[in-house]
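1. turn this into a structure:
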Amino acid sequence: MAVETGQAVTSALWTRLTTDATLMSALGGTVDLYRVMAPQDPTMPYGVHRLIMGDNVFHGTHTYFLDWWDYNETPERLDLAVDRATALLHEWRFATAANEASGLIERFPGGCGYIPTDAEKVWHYSSMWYVRIVAARDITAIVT
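-> Predicted coordinates:
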């Protein structure tokens, strides 16, 4: 089934992150990754991601945000998760499930790091990525 290009890319990223055994292990057995925002009082650790598409959704560079949250004495568990997520995404050549789009993910230089929180033992790591789409099908004119 064809979907909008941004949804297809977001789904590919979600699948890449949530099905990796090493990332699951780093986060305690599962990867809870929410789109745009987490529900109220989610179980930690968890991630939140969103993709901002540029003017030309079929080609060009778009911006992907990936944030991780954890409640822990130290940031060590989150450090492991961030390292694994970075290994999974940086320079990953992707193709979406139904071939709506293909391209490359690259880490945005200087666009990552820990962000202070107002809660003790709550760790927040934020990262930003380039999503370079090199080919995409124009599905806007499909009539069903």
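2. buried set for stretch 76-85?
-> 77-79, 81-82, 84-85 (16 or more other C-beta atoms under 10 Å). Backbone N, C-alpha and C define where each C-beta goes, glycine included.
3. is it possible to get TSV of those residues that adds secondary structure?
-> Compiled in TSV, the buried residues of stretch 76-85 are given as follows (DSSP: H, G, I helix; E, B strand; the rest coil):
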residue	secondary structure
Arg77	helix
Leu78	helix
Asp79	helix
Ala81	helix
Val82	helix
Arg84	helix
Ala85	helix
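4. out of those, which is nearest to Met53?
-> Using C-beta to C-beta, the shortest approach to Met53 within the buried residues of stretch 76-85 belongs to Ala85, at 21.2 Å.
5. right, and that closest one touches Leu66 too?
-> Yes: in terms of C-beta atoms under 8 Å, Ala85 counts as a neighbour of Leu66; the distance is 6.7 Å.
6. spell out which residues are contacts of both of the two.
-> Common contacts of Ala85 and Leu66 (C-beta atoms under 8 Å, 6 or more residues apart in numbering): 17, 47, 127.
7. for Asp79, see how far away the closest residue to Gly6 other than its chain neighbours is.
-> Nearest residue to Gly6, sequence neighbours excluded (C-beta to C-beta, 6 or more residues apart in numbering): Met53, at 4.5 Å. The gap separating Met53 from Asp79 is 30 Å, by C-beta to C-beta, to the nearest Å.
8. likewise for Ser127?
-> Distance from Ser127 to Asp79, by C-beta to C-beta: 13 Å.
9. Ala97 too?
-> Plainly put, Ala97 is 31 Å away from Asp79 if you go by C-beta to C-beta.
10. show me what whichever strand or helix holds Trp14 is packed up against.
-> Using DSSP states H and E, Trp14 sits within helix 5-18. Judged by 3 or more C-beta pairs under 8 Å, 6 or more residues apart in numbering; DSSP states H and E, the packing partners of helix 5-18 are strand 33-35, strand 46-52, strand 60-71, helix 76-89, strand 92-95, strand 101-115, strand 122-136.
11. buried sites along it?
-> By neighbour count with 16+ other C-beta under 10 Å, helix 5-18 contains the buried residues 5-6, 8-14, 16-17.
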